[in-house]
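Peer 1: Quick one, what's the 3D model for this:
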Amino acid sequence: MRITRMWEVKYNPTSETANSLDMGSQIHALIKKDLIPHFKEVAKEGSVYTISHFGVGNNKRSYQQVQNDSIIWFNSFTSLKFEPEGLVDIPKHKFNFQPFEHLVERNNRKDILTGVENKINKTTTSEERRTLHIANE
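Peer 2: Alright, predicted model coming up:
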């Protein structure tokens, strides 16, 4: 697995601690709150790892950032083995391009995060935002 991005999930935006540490680009991987300290120091964005002893389930989360029906769950037996660059051929990025006319129909869906008008209300002022400009060529 190549960890292209990692993000903390907080069910309460004003909380100091995350409920999970999530990662992935081709499959969603999730580390529960109690295991974050162990894996946060080991897993680095941009690196490739062989992962063993993990759980796999159906991904039924709302606003999925990774479009995949499955999710990987780390547990206390999960191990990560760093793989040096060049030994494995895993793309750094994966894109699921959709026809422009399909963006509007995805707008109100809660299963996959779409950058058109999905808004998640947050009460904190320290949140990071990205503005996406979508054009139909």
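
Peer 1: Give me the residue ranges of the protein where confidence is low.
Peer 2: Under the criterion pLDDT under 70, the flagged ranges of the chain are 63, 86-96, 113-130, 132-133, 137.

Peer 1: Which residue ranges of it form helices?
Peer 2: For the chain, applying DSSP state H gives helices covering 36-40, 103-106.

Peer 1: between those, which one is nearest to residue 57?
Peer 2: If you check each of those against residue 57 by CB to CB, helix 36-40 wins as the nearest, at 17.9 Å. For every residue, glycine as well, the C-beta is placed using N, CA and C.

Peer 1: Now do the buried residues in that closest one.
Peer 2: 36, 39 (16 or more other CB atoms under 10 Å).

Peer 1: got the contact list for it?
Peer 2: Where contact means CB atoms under 8 Å, 6 or more residues apart in numbering, the residues beyond helix 36-40 that reach it are 18, 20, 21, 31, 74, 78, 80.

Peer 1: Contacts only, for the residue nearest the centre of the chain.
Peer 2: Nearest to the mean C-alpha position of the chain, counting by CA atoms, centre = their mean, stands residue 23 at 4.1 Å. The contact partners of residue 23, by CB under 8 Å, 6+ apart, come to 3, 5, 6, 7, 29, 31, 43, 45.
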